[in-house]
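# predicted model and sequence follow; I will ask about them next.
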Amino acid sequence: MNADADTDADADGNASAVTGPPDGMVDARDDLTPMLSQYFERCAEYEDALLLFQNGDFYQTYCDAAEEVARVCELTLTQREDSTGTYPMAGIPVDNAATYVERLLDAGYRVAVAEQVERPEAASGLVDRAVTQVITPGTVVDDELLGTGTTNYVAAVTREGETRGVAAVDAATGECLVTSVGDEAGLYAELDRLAPAELLVGSDAAVDAAALAAAPMVTDHEAAAMDADAATETLSSYVARPDAVVAGDAERRACGAALAYAEWTQGDDGPLEYVTRIRRHDPRESLGLDSAAIRSLELFENRGAGASETLFDVLDDTACALGRRKLDGWLRRPLVDRDAIEARLDAVAALTDDALAREAIRDALRAVYDLERLAGRVSRGRADARDLRSLQATLDAVPAVLDGLADVDAESARLDELRERIDPVDDARDLIERAIRPDPPVEVTEGGVIREGFDDELDRLRETEREGRAWVAELEARERERTGIDSLSVGHNQVHGYYIEVTDPNLDRVPDDYTRRQTLKNAERFYTPELKRREDEILGAAERADTLEYERFREVRASVAAETDRIQAVADALAELDALAALAAVAVDRNYARPTFHDGGIDVEAGRHPVVEVTQDRFVPNDAELPPGSVSLVTGPNMSGKSTYMRQVALIAVLAQVGSFVPADAARLPVVDRVFTRVGASDDIAGGQSTFMREMSELTSILHEATPDSLVLLDEVGRGTSTADGRAIARATAEFLHDEVGATTLFATHYHDLTGLAEEYARVRNLHFAAERAEPRAAGSRPAADGDDVTFLHRVAEGPASSSYGVEVARMAGVPAPVVERSRALVDGAGPETNGHDEGVQVTLSGVGPDGVDRAADGDADADDEVDADLVAILREVDLARTTPIEALNLLADLQDRVDE
Ligand SMILES: Nc1ncnc2c1ncn2[C@@H]1O[C@H](COP(=O)(O)OP(=O)(O)OP(=O)(O)O)[C@@H](O)[C@H]1O
């Protein structure tokens, strides 16, 4: 494997200093102490990873790696001396390793963990250490390093001709997905949906920088690792006939590579038993959401301030991590099959109607742990006793879930099917219950794990141990009586074991059977043959019991692991039920309505934006009636609600195809094949020319790929270039969408003349948002800079916005009347390149100012002229196309200040 983590390399591109065999030890390599020599060897075996080398309670690193670890983890750098020299050393505490590992991953490293694989007592000489796990961003399995209810994929991309194979593995749960796409755009969309934490790219995959940016870590894979034969071999250990699962070489190679990489990170013990199913899916079987749409609709990430304000956040009322992960997957891949959508909607409806059953189910689900990850750990042999108990607690919750399901009255084939699939896996559950103590320790090798009554031999050993200890506990009293020494005491320490302690003044009364063990300052310690015998018995029994317990524990874990398939199936069913119940709960809480599907256009009654309505005090619902293939031009001032409206239509479509109810009084919808967006250039002004380029390439993909079944949102297309060009591009785009593409389109624009298209094209319509002035301002008050006294109704209406709405808003915001009037005159007649002086229409700022003072009466005409010239100059400088509402209002306030002065 050939790592190319960007951050691996330091400033001079030297990646090997921190990973791989330490430079600082190379010269001394033959003379190193055995332990450092072992460190050196393990580093050499895992060249791409930063090696953590267990030494008792610490994972040690040396040389450059130590310096890097100390820096990244903010740990103290110490030194290790050896006959060959002094080496920098930094140690990470084993007990608390996760937080440090997380920092190293964030810094772009893979981390190889070399653990002691023998007990120091058992080792003859140096303890052997082996790499048990390589932790990479895409293959993390440790709960502490993973978010709750998330998926964490490593994805592999290959290419055969135009076909790109994409495979993804979640190493924690064993989920494995594979697909292929026909072009670069399809690849981006797929990677956007997967949002992999790590991407493996074959040398032939020809993936460009944009796709690479989709993953935090990119790993260049050697060609051999992505070879078709190697892949077939890897796949053969998972499925009997790989060809039945994957289609074509691109998929085969991607899938093989992703699995092989996941195996490598899990210590290379061969196939991952908990990858029980490779799921092939066809991107065309789900609603296409490209990266621009996922981002601009803010499905998972909010681009603005409130990071939590996303659609997922609104929907995520799941009771357990399983449901959360399922819902996340559903939102990334809404359905396009009407029957499948209706099946989900039926289930959600049934759960919506029956509050009691729904809440009973949700209550039961709250006790459910992350069964998918637990099953993964059990199967990898990494589960501890507490994990088994969590698994049992989860299975314990199953009967209550089933009871709740049985109570649901309404008909739903999907719920019936879930009832069938949810299996309490009684045998595994009972086994854990019988075998594992209720509150076991984290360590599984030191006893206290297996319940009494589970194993006769173990019980006998524990009994011997107990009896021995009881005998010792009573020894003190017995010996005091026998010897008559009241201060005699019995104790125990690690070095000498049990002893009887007698202070010096009483030594003459010590019986003959006492043998001296240790001399202290004022006392002597003894043992008796019986104490020695008992001690050996206790220790022997305890040690054998611990070993036996560990053996039994492993057997129990292995028996549970044998049920991985069944446990995963229950996990999947519980996940689905939780996601459905969450959708039902949200539908009830937020007053959503069940959408219906038909072959016509989009018809929403009183729709709301699911996220904005939550964050807004009062949200104004709006209808949307969009006939198939219609192009609706949406006009209105800035901040009037155009973007919110367009997004809300798209979100309603997406929600409906997820199988969710929708924020509206009613919605009749077509099944949409793709949602395209070109939204939000105005927020991206800083990008300048490159923003325009991006805008145009997004537009290109829309115009090429949209179909009559697509929903297209365009916001301010053409804004990033000159007015004339922008207007031309906007117009041509609208015409093309209408004539050639036939997709249902919402097109927000500030180019007012575009509204004239409605007269020329049958399916072009105009919608607008109006603004109104709030209460009349008290005479003398200044306009609020944030536009408080301009009220937006946020209500959509038929027809184009008034052509001079910008001037209207300016008036409402308190722009001096002469400027407003001059603006109006310009809109009505003169071209934009003229100004007041050329036209002979004098912009006089004389007259009654906003503060009601009649300035003309001052007779200070010269000063007024000067101000006029200044203001005109300032106004001419302003590029309205690139001015945000707040900037405009600030400018106005500034202008007004000048006038006042
Ligand atoms: N229907 C509504 N009900 C209540 N508030 C709304 C509604 N629609 C939008 N808003 C509020 O108005 C603000 C501006 O809306 P939006 O961004 O959609 O305007 P816009 O016309 O697209 O503006 P711009 O042209 O600057 O992009 C939103 O942030 C939201 O808070």
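Thanks, I have it.
# wait, Arg480 sits on Val490?
No - using CB atoms under 8 Å, Arg480 is not in contact with Val490, being 9.5 Å away. C-betas here are computed from N, CA, C, even on glycine.
# distance of the closest residue to Val368 other than its chain neighbours from Gly149?
Excluding the flanking residues, the one nearest Val368 by CB to CB, 6 or more residues apart in numbering is Cys320, at 4.2 Å. Relative to Gly149, Cys320 is positioned 8 Å away (CB to CB, to the nearest Å).
# the more surrounded of the two?
Cys320 (27 against 21; other CB atoms under 10 Å).
# strands of the stretch 701-850 of the chain, start to end?
Secondary structure of the stretch 701-850 of the chain, counting by DSSP state E, counting those that start in this stretch: strands at 711-715, 744-748, 764-773, 790-798.
# quick one, which of these gets closest to the ligand.
Nearest to the ligand among the strands of the stretch 701-850 of the chain is strand 790-798 (3.3 Å), distances taken as CB to the nearest ligand atom.
# packing partners for the closest one?
Applying 3 or more CB pairs under 8 Å, 6 or more residues apart in numbering; DSSP states H and E, we find strand 790-798 packed against strand 622-626, strand 764-773.
# is the ligand contacted by that strand?
Yes - interface with the ligand: strand 790-798 contributes His794 (CB under 6 Å from any ligand atom).
# what residues does that strand touch?
For strand 790-798, contacts defined as CB atoms under 8 Å, 6 or more residues apart in numbering pick out 619-620, 622-624, 634, 637, 639-641, 644-645, 765-774, 809, 812-813.
# who touches Val72 in this structure?
By CB under 8 Å, 6+ apart, the residues touching Val72 are 103-104, 107.
# of these, just the buried ones, PyMOL syntax please.
A single PyMOL command selects the buried members of those (16 or more other CB atoms under 10 Å):
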select buried, resi 103+104+107
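# now, the contacts of Val72 that are in helices?
If you go by DSSP state H, the contacts of Val72 have 103-104 in helices.
# that older thread, worst mean pLDDT among the helices and strands packed on strand 790-798?
Ranked on mean pLDDT, the bottom entry among those is strand 764-773, at a mean of 81.
# helix, strand or coil for Glu605?
State at Glu605, reduced to three classes by DSSP: H, G, I helix; E, B strand; the rest coil: strand.
# and the strands in the stretch 451-600 of the chain?
In the stretch 451-600 of the chain, the strands defined using DSSP E, counting those that start in this stretch lie at 489-493, 497-503, 515-519, 523-527, 596-597.
# so can I have CSV of those strands showing mean pLDDT, distance to Arg419 and mean neighbour count?
Formatted as CSV, these follow (pLDDT from 0 to 100; distance: least, CB to CB, whole Å; neighbours: other CB atoms under 10 Å):
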stretch, mean pLDDT, distance to Arg419, mean neighbour count
strand 489-493, 90, 58, 14
strand 497-503, 91, 60, 19
strand 515-519, 89, 68, 12
strand 523-527, 92, 66, 19
strand 596-597, 97, 26, 14
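# got the ones you listed as CSV, with distance to Gln38 columns?
Compiled in CSV, the strands of the stretch 451-600 of the chain are given as follows (distance: least, CB to CB, whole Å):
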stretch, distance to Gln38
strand 489-493, 33
strand 497-503, 33
strand 515-519, 37
strand 523-527, 40
strand 596-597, 65
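# hang on, Arg129 packs against Gln38?
Yes - with contact defined as CB under 8 Å, Arg129 counts as touching Gln38 (6.2 Å).
# name the element Thr173 belongs to?
For Thr173, there is no host helix or strand (DSSP states H and E).
# for Thr515, which of the strands of the stretch 701-850 of the chain is the nearest?
Counting by CB to CB, Thr515 lies closest to strand 711-715 out of the strands of the stretch 701-850 of the chain; the figure is 91.3 Å.
# anything in the closest one near the ligand?
No - Strand 711-715 lies apart from the ligand when judged by CB under 6 Å from any ligand atom; the minimum separation is 6.7 Å.
# parallel or antiparallel, which strands does that strand pair with?
Using DSSP bridges, strand 711-715 pairs in its sheet with strand 674-678 (parallel), strand 744-748 (parallel).
# generate a markdown table for those strands, with mean pLDDT, mean neighbour count and distance to the ligand as supplementary columns.
Output for the strands paired with strand 711-715, formatted as a markdown table (pLDDT from 0 to 100; neighbours: other CB atoms under 10 Å; distance: least, CB to the nearest ligand atom, whole Å):
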| stretch | mean pLDDT | mean neighbour count | distance to the ligand |
| --- | --- | --- | --- |
| strand 674-678 | 91 | 25 | 13 |
| strand 744-748 | 94 | 26 | 6 |
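# give me every residue in this protein lying close to the ligand.
Residues of the chain found near the ligand (CB under 6 Å from any ligand atom) are 612, 616, 619-620, 622, 636, 638-644, 682, 794, 885.
# buried members of those residues into PyMOL, please.
Selection of the buried residues among the residues of the chain next to the ligand in PyMOL, burial being defined by 16+ other CB under 10 Å:
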select buried, resi 612+619+620+622+636+638+639+640+641+642+643+644+682+794+885
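# restricted to helices, list the residues of the chain next to the ligand.
Judged by DSSP H, these include 612, 642-644, 885 as members of helices.
# for the stretch 301-450 of the chain, what are the low-confidence residue spans?
Applying pLDDT under 70 to the stretch 301-450 of the chain flags residues 304-307.
# avg pLDDT for stretch 170-189?
The model assigns stretch 170-189 a mean pLDDT of 86.
# typed the wrong thing, it's stretch 553-567
Averaging pLDDT along stretch 553-567 yields 93.
# just the endpoints, please. Distance across it?
End-to-end span of stretch 553-567 (CA to CA, to the nearest Å): 19 Å.
# report the buried residues of it.
Neighbour counts over stretch 553-567 (16+ other CB under 10 Å) mark 553, 556-557, 560-561, 563-564, 566-567 as buried.
# need those in a markdown table with distance to Thr677, can you?
Output for these, formatted as a markdown table (distance: CB to CB, whole Å):
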| residue | distance to Thr677 |
| --- | --- |
| Phe553 | 54 |
| Val556 | 52 |
| Arg557 | 49 |
| Val560 | 47 |
| Ala561 | 46 |
| Glu563 | 45 |
| Thr564 | 41 |
| Arg566 | 42 |
| Ile567 | 40 |
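# got the angle for the helix ranked longest in the chain vs strand 497-503?
Taking DSSP H as the criterion, the chain has its longest helix at helix 529-561. Put simply, helix 529-561 runs at 150 degrees to strand 497-503, going by axes from the mean of the first three to the mean of the last three CA atoms, to 10 degrees.
# buried sites along helix 529-561?
Buried positions in helix 529-561, judged by neighbour count with 16+ other CB under 10 Å: 531, 534-535, 538, 541-542, 544-546, 548-550, 552-553, 556-557, 560-561.
# which strands or helices does that helix pack on?
helix 371-380, helix 385-407, helix 426-435, helix 456-483, strand 497-503.
# tell me the angle of it relative to strand 515-519?
Going by the same axes, to 10 degrees, helix 529-561 makes 80 degrees with strand 515-519.
# got the contact list for Trp471?
Taking CB under 8 Å, 6+ apart as the criterion, Trp471 is in contact with Arg534.
# how far away is it from the ligand?
78 Å (CB to the nearest ligand atom, to the nearest Å).
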